[in-house]
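*Asks:* generate coordinates for the sequence data below:
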Amino acid sequence: MSARAAIPQKPRRKPEVKSPAGHWPQLHAAIEAGADAVYFGLKHFTARAKTGFELAELPEAMRTLHGRGVHGYVTFNTLIFEHELREAARVIAAIAEAGADGVIVQDWSAVKLAREIAPDLKLHGSTQMSITETRGVRMARELGVDRVTLARELSLDEIRAIAAETDGELEIFVHGALCVAYSGQCFSSEAWGGRSANRGQCAQACRLPYEMLVDGRVEPLGDARYLLSPGDLYALRQIPEIIDAGIAALKIEGRYKDADYVALTTRAYRKAVDEAWVGHTATIAPQEELQLTQVYSRGLGPYFLTGTNHQKVVEGRAPRHR
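*Replies:* Residues are numbered from 1 along each chain as shown. Have a look, this model is predicted:
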């Protein structure tokens, strides 16, 4: 019996297609393309500080989503300083009051605050919690987290094993940018430029060209100078396996991306999930794949989902959309 066959699987469930929204155009694009859920940030306490909704806009955003039967999750996924706790509590209360379906958090203080302020508000553990195994999921669940977004460095076999050994909902990323730092917890931006990635101000040091020193000498790299710049995740062909693993939500990265990107990626994963759910083989037309590549791509691939191969994840020849 293979290792894979020995792992029991959770009951099949149809996962949410969860799309990003930087602001109103992307939110509307996600709805029209068939998203089950949309996640977005406010102007503060979010890992994408250059985009987001004003707190005053939140009730209208939730009304818009709920009017179309779409869930709305608010990102609250930065580290919180002690002097910010009072403001954090105020914002969490406002998120709950606006009718958000859940809040995505990284900091354990945010988990504790939310449980005390809004005990009925669903809490989703951000991928930046770096949860990579069964014990991490169990700890998060014990501390009040309803759904865990697993680290992006896990293979499908590892995800399947975690799902089989834990209760509660699991979420994984299926499309978009990957971070060279483990699970998005990058410290280079703050160390070099005072802009913390864990405070929503990543300067993207991973997208810069570098030299390589070998025994004190500069190694010729040719055009492979972007040594820390990963390609973009693309898991459309793995959707049937992901569904079989019992994953609750499929997350598309891209709160800095435009409405065209949101529409095309959402539509593609909506179609793939619907086809896989009824047992049909995925029909991915070359033109659809070309559109996903053209709308935004640093090079698309399943990468960690099919096993660790760092030479495939980082080819080093381009730092941005090609």
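
*Asks:* looking at G200 now. What's its pLDDT?
*Replies:* Here the pLDDT value assigned to G200 is 67.

*Asks:* actually, A197.
*Replies:* pLDDT recorded at A197 is 69.

*Asks:* cool, and R298?
*Replies:* 89.

*Asks:* where does the stretch 1-150 of the chain have low pLDDT?
*Replies:* Where the stretch 1-150 of the chain drops to pLDDT under 70, the residues are 1-10, 49.

*Asks:* please enumerate the helices of it.
*Replies:* Under the criterion DSSP state H, counting those that start in this stretch, helices of the stretch 1-150 of the chain are mapped to 3-6, 24-33, 58-67, 85-97, 108-117, 134-142.

*Asks:* ok, S297 to L113 distance?
*Replies:* 38 Å (CB to CB, to the nearest Å). All C-beta atoms are positioned from the backbone trio N, CA, C, and that covers glycine.

*Asks:* tell me the buried residues in stretch 207-218?
*Replies:* R207 (16 or more other CB atoms under 10 Å).

*Asks:* mind checking the end-to-end distance for it?
*Replies:* 20 Å (CA to CA, to the nearest Å).

*Asks:* chain center to it: distance?
*Replies:* When distances are taken as CA atoms, centre = their mean, to the nearest Å, stretch 207-218 is centred 31 Å away from the chain's centroid.

*Asks:* which residues sit against that stretch?
*Replies:* Here stretch 207-218 makes contact (CB atoms under 8 Å, 6 or more residues apart in numbering) with E219, L221, R225, Y226, L227, L228, S229, P319, R320.

*Asks:* from those residues, which would you call buried?
*Replies:* R225, Y226, L228, S229, P319.

*Asks:* and which of those is nearest T283?
*Replies:* Using CB to CB, S229 comes nearest to T283 of the buried ones among the contacts of stretch 207-218, at 31.8 Å.

*Asks:* closest one to A285 among the helices of the stretch 1-150 of the chain?
*Replies:* helix 24-33 (16.5 Å).
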